[in-house]
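Novice: would you be able to build a 3D model of this:
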Amino acid sequence: MRRRDLLLLGTAAIAWPTAARPQTSGGIVPVIGFLGSGSAAAWQPALFGGSGPIRQGLSETGFTEGKNIVIEYRWADYHYDRLPALAVELAQKDIAVLVAPGAVAAAKAAMAATRTIPIVFMIASDPVESGLVSSFNHPGGNVTGEGYLNAQLAPKRLQLLHEVVPKELQAAAALGLQLRVAEVTTLDEVERVFTAVASDGKGAIQLSVDPLFGRFGPIVAIAARYAVPTVHPWREFVQAGGLMSYGSLIRDAFRKVGVYAGHILNGEKPSDLPVERPTHFDFALNLKTAKDLNLTIPRTLLGFADTVIE
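Specialist: Numbering: from 1, shown residues only. Model (predicted):
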């Protein structure tokens, strides 16, 4: 039997927009265009509702949706091939800033749609290497944002996973087996990958960074159902019952998107706002999940962890 020893899940996404009709409260109210790679049902409440991080960032700079700003939403529902048309639709409206967080595809769609409207992105990879800006300190043009660099942490996640499930990974090295990459676009496809790994009886999964994986609860439930050790990019997975995570704080990255959008509404130019980078990476462990998987967490890892859930 051929064994898959480790899979790194990635995605290319796609979807129908959900338009929010502008509401003004008198006078000239600035409009933010929001280009969402995910779904309105999953992301709008999380990002803007209650204490949502983008709402928080906007509030820190003096803006409240429905009071002194209006937000025009467009959602791709993980269908990335629709992002360019949605970006053009937003750019044709009278918006003051175009926010396009979550995926390089969203940022590039926004850039292709307008060279004049300020754009705020948030991506997991290097924005210079991705061609979004000329440099972190001097982004240039009409684009700036948050490069939270979680994609670069994949080797570190593999190292941490190796310390938790060493027998599987050492066996892989001894047998000369290779890392397998599975590209998925739906939760059904995610489940099929977990099914394949579980059927082999030996293996683990590392999730990549993508809006599709922002649905923490369903993905954690799939990992638990098939008892596959999984390392995640964000702490929210571990809080929802995932085994472990290592990465920058996703909520803080979204908050900074709101802050930068507010700075631009207050008159600052994107070219004068350096691309933000994380200063801290968070390592989280869920000991209950480790016990359910019959895994023993080394003391060295417990001492290294920022967050331990028992």
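Novice: how about the helices in the chain?
Specialist: Remark: helices assigned in the chain by DSSP state H are 40-48, 53-60, 83-91, 104-113, 154-164, 166-175, 187-200, 216-226, 235-239, 250-265, 287-292, 299-304.
Novice: which one of those lies closest to Gly140?
Specialist: Comparing the helices of the chain by their distance to Gly140 (CB to CB), the top pick is helix 104-113, with 11.8 Å. For glycine as for every other residue, the C-beta is placed from the backbone atoms N, C-alpha and C.
Novice: look up the closest residue to Phe194, ignoring the ones flanking it.
Specialist: Leaving aside its chain neighbours, Phe194 sits nearest to Tyr226 (4.4 Å; criterion: CB to CB, 6 or more residues apart in numbering).
Novice: hmm, back to that, among the helices of the chain, where is the model least confident on average?
Specialist: With a mean of 53, helix 166-175 has the lowest mean pLDDT of those.
Novice: in CSV, list the helices of the chain along with mean neighbour count and distance to Lys67.
Specialist: Shown next, in CSV, are those (neighbours: other CB atoms under 10 Å; distance: least, CB to CB, whole Å):
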stretch, mean neighbour count, distance to Lys67
helix 40-48, 19, 13
helix 53-60, 21, 10
helix 83-91, 21, 21
helix 104-113, 23, 25
helix 154-164, 17, 41
helix 166-175, 13, 53
helix 187-200, 17, 36
helix 216-226, 18, 30
helix 235-239, 22, 28
helix 250-265, 23, 13
helix 287-292, 15, 42
helix 299-304, 11, 44
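Novice: among these, which is nearest Asp126?
Specialist: Nearest to Asp126, of all the helices of the chain, is helix 104-113, at 10.0 Å by CB to CB.
Novice: the closest one - contacts with which helices or strands?
Specialist: The contact analysis (3 or more CB pairs under 8 Å, 6 or more residues apart in numbering; DSSP states H and E) places helix 104-113 against strand 31-36, helix 83-91, strand 97-101, strand 119-123, strand 143-147.
Novice: distance to Glu72 added to the helices of the chain, as a markdown table?
Specialist: Listed next are those as a markdown table, based on distance: least, CB to CB, whole Å:
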| stretch | distance to Glu72 |
| --- | --- |
| helix 40-48 | 12 |
| helix 53-60 | 14 |
| helix 83-91 | 6 |
| helix 104-113 | 13 |
| helix 154-164 | 35 |
| helix 166-175 | 47 |
| helix 187-200 | 28 |
| helix 216-226 | 27 |
| helix 235-239 | 27 |
| helix 250-265 | 13 |
| helix 287-292 | 40 |
| helix 299-304 | 43 |
